[in-house]
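1. Take this sequence and fold it.
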Amino acid sequence: MDAAEFRKRGKEMVDYVADYLEKIDKRQVFPDVEPGYLRPLIPDCAPQDPESFEDVFKDIEKIIMPGVTHWHSPYFFAYFPAASSFPALLADMLCGGIGCVGFSWAASPACTELETVMLDWLGKMINLPEEFLAGKHSQGGGVIQGSASEATLISLLAARTKTIRRVQSEKPELTEADIMGRLVAYASDQFCATLGTTPCCSFDKLLELGPICNKENIWMHIDAAYAGSAFICPEFRHLLNGVEFADSFNFNPHKWLLVNFDCSAMWVKKRSDLTGAFKLEPLYLQHHHQESGLVTDYRHWQIPLGRRFRSLKLWFVLRMYGVTGLQEHIRKHVRLSHQFEHLVLQDERFETCAEVVLGLVCFRLKGSNELNKALLKSITEAKKIHLVPCHLREKFVLRFAICSRTVESTHIKFAWQHISQLATDLLKTWEQKHHQQ
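-> Numbers count the residues shown, from 1 in each chain. Predicted structure coming up:
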């Protein structure tokens, strides 16, 4: 494919994607396929000779789309949102086009510098304490990771290295292995200090945890993967109070801030804590600007060596939506979750199982776990909407997460009527079955 054909095909692909997203509500949200569906549909090895773009293109609908779960459908209420917007898609295209591998400043200065500034923009939007921002002369700063679990692992490894070095300086007679065997990580059943847990979007008490961690010299990492985006709204910012005690903080713009996956924002108070754990300097990666002390080489802030130009997505989205546009997006989702909560509470057969703070409602039929498993089974089999469950203490609970950028009040009403009708049908057969027994 030459540049001329790329122009033509690129326009076709943009049209295809725009059509896909515009008409996504007409597609069944969850696919009908069984595991292994795809292998029989394609040859068992790569073609010897080139095929045309048309051949590839027509196989998208034939082979790929039947096996796609449509995360951006307004009938998708599972997991947490996966962000998507047209500015972010365009930026992703540019990122692929530039195609740099930004492991060091010299590998593409714009790739590193835009990321540093974008993480400062984002940090200011959620009113992070000054120490987390790179600014001009700070010890802290931000970096884009692939996911929140990656950020957690990086914090854990940085904390481990920092602790080992501290103990070694206090007790030089101990080897690294001696110290390693005695290290302890404190966690709850959700793993680390969390704002907006995955099962029910609950919030740990940072103002209680933080001072203890600081007093005992424990690294505190805060994961706000989903909820973090909401802190750009002043009415939700109080949920972040206590972040000032943390050593590292992370949230995912790729969940709720309209920036396509992957874009997980992580900040540290002392970037030397990360570089201390990850720094490797083979000669071929060194460059003459390093000595100035002004240069960030992000490979020392992450697990992989290579990295994509992901800050372009943030830059496009933050500029084209502005803080107010992004706040509107968050507020709309929160409004819709309260609408759904209200519908649940009007039906005396149902109960909610956790406080609705942001865009997630945890609910269930009053009754046994078996009954609720049966309800979820009938929702899943009907394939009109997509939900996933969770366990809250001993209860089997249905999660209803507001996800799609295009979801509206009508979709919420539809989802509730659908669930409520399935519950009616289920309770009839359930009563008959248990009556007979």
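
2. pLDDT on stretch 227-244, on average?
-> Stretch 227-244 shows a mean pLDDT of 97.

3. Least confident secondary structure element in the chain?
-> helix 271-278 (a mean of 82; mean pLDDT, DSSP states H and E).

4. could you dump it to PDB, C-alpha only?
-> Provided in PDB are the C-alpha atoms of helix 271-278 (Å, rounded to 0.1, in the frame of the first residue of the first chain):
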ATOM      1  CA  ARG A 271      10.600  10.600  41.100                       C
ATOM      2  CA  SER A 272      14.000   9.400  42.400                       C
ATOM      3  CA  ASP A 273      12.100   6.600  44.100                       C
ATOM      4  CA  LEU A 274      11.000   5.200  40.700                       C
ATOM      5  CA  THR A 275      14.300   5.800  38.900                       C
ATOM      6  CA  GLY A 276      16.100   4.300  41.900                       C
ATOM      7  CA  ALA A 277      14.300   1.000  41.400                       C
ATOM      8  CA  PHE A 278      14.300   0.900  37.500                       C
END
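
5. Start at 76, not 1
-> With the count now opening at 76, the last piece we talked about shows up as helix 346-353.

6. which element follows that helix toward the C-terminus?
-> As assigned by DSSP states H and E, the chain's next helix or strand after helix 346-353 is helix 386-421.

7. And that following helix, how far out from the chain middle?
-> Between the centre of helix 386-421 and the centre of its chain there are 15 Å (CA atoms, centre = their mean, to the nearest Å).

8. Parallel or antiparallel, list what pairs with the helix or strand that that helix is followed by.
-> For helix 386-421, the succeeding helix or strand toward the C-terminus, using DSSP H and E, is strand 425-427. Paired with strand 425-427 in the same sheet, following DSSP bridges, are strand 435-440 (antiparallel).

9. Tell me which residues are up against the partner strand.
-> With contact meaning CB atoms under 8 Å, 6 or more residues apart in numbering, strand 435-440 is reached by 155, 274-276, 301, 412, 415-416, 419, 424-429, 446-447, 450, 465, 467, 470-477, 498, 502. (Each C-beta comes from the backbone N, C-alpha and C, glycine too.)

10. following that strand, which helix or strand comes up?
-> Next element after strand 435-440 (DSSP H and E): helix 444-457.

11. show me what contacts Tyr396?
-> Ser160, Pro162, Leu333, His404.

12. biggest separation within these, which pair?
-> Farthest-apart pair in the contacts of Tyr396 is Pro162 and His404; separation 12.6 Å (CB to CB).

13. how about the helices in this protein?
-> Secondary structure of the chain (DSSP state H): helices located at 78-97, 128-134, 161-173, 184-200, 223-245, 251-255, 281-290, 328-331, 346-353, 386-421, 444-457, 484-511.

14. how does this protein divide up, domain by domain?
-> By the assignment in automatic domain parsing, the chain contains the domains 76-105+144-159+397-512, 175-384.

15. out of the ones you listed, nearest to Trp390?
-> So among the domains of the chain, domain 175-384 is nearest, using CB to CB, at 5.8 Å.

16. Centre of the chain to the closest one, how far?
-> Put simply, domain 175-384 sits 15 Å off its chain's centre (CA atoms, centre = their mean).

17. And it, end to end?
-> Terminal residues of domain 175-384 are spaced 7 Å apart (CA to CA, to the nearest Å).

18. related to what we said a few turns ago, just send the domains of the chain back as a markdown table, with distance to Glu126 and mean neighbour count too.
-> Output for those, formatted as a markdown table (distance: least, CB to CB, whole Å; neighbours: other CB atoms under 10 Å):
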| stretch | distance to Glu126 | mean neighbour count |
| --- | --- | --- |
| domain 76-105+144-159+397-512 | 11 | 16 |
| domain 175-384 | 28 | 18 |
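
19. Which one of these has the poorest average confidence?
-> The bottom spot among the domains of the chain, by mean pLDDT, belongs to domain 175-384, with a mean of 89.

20. what sits against the spatially closest residue to Asn444 that is not a sequence neighbour?
-> Nearest residue to Asn444 in three dimensions, chain neighbours excluded: Phe471, at 3.9 Å (CB to CB, 6 or more residues apart in numbering). Phe471 makes contacts with Arg439, Asn444, Asn447, Lys448, Pro464, as judged by CB under 8 Å, 6+ apart.

21. Distance to Ala321 added to the helices of the chain, as TSV?
-> Converted to TSV, the helices of the chain look like this (distance: least, CB to CB, whole Å):
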stretch	distance to Ala321
helix 78-97	37
helix 128-134	47
helix 161-173	28
helix 184-200	13
helix 223-245	10
helix 251-255	24
helix 281-290	7
helix 328-331	19
helix 346-353	12
helix 386-421	22
helix 444-457	36
helix 484-511	35
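
22. any idea how far Ala233 is from Leu96?
-> Plainly put, Leu96 is 39 Å away from Ala233 if you go by CB to CB, to the nearest Å.

23. can you tell which of the helices of the chain is closest to Val143?
-> Using CB to CB, the nearest of those to Val143 is helix 78-97, at 9.5 Å.

24. for the closest one, the distance to its chain's centre please.
-> Here helix 78-97 shows a centroid-to-chain-centroid distance of 27 Å under the convention CA atoms, centre = their mean.

25. residues contacting Phe353?
-> Ile229, Leu232, Ala233, Arg374, His375, Trp376, Gln377, Ile378.

26. what do you get for His329?
-> Per CB under 8 Å, 6+ apart, neighbours of His329: Ala157, Ala158, Asn335, Phe336, Asp337, Cys338, Ser339.

27. okay, and the common contacts of Pro162 and His404?
-> Contacts common to Pro162 and His404, judged by CB under 8 Å, 6+ apart, are Leu333, Tyr396.

28. surely Phe207 meets Phe324?
-> Yes. Contact criterion CB atoms under 8 Å: Phe207 and Phe324 qualify, at 6.5 Å.

29. any common contacting residues for those two?
-> Common contact partners of Phe207 and Phe324 (CB under 8 Å, 6+ apart): Trp342.

30. export the contacts of His329 to a markdown table and tack on distance to Trp146?
-> A markdown table is the format used below for the contacts of His329 (distance: CB to CB, whole Å):
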| residue | distance to Trp146 |
| --- | --- |
| Ala157 | 5 |
| Ala158 | 10 |
| Asn335 | 11 |
| Phe336 | 9 |
| Asp337 | 14 |
| Cys338 | 15 |
| Ser339 | 17 |
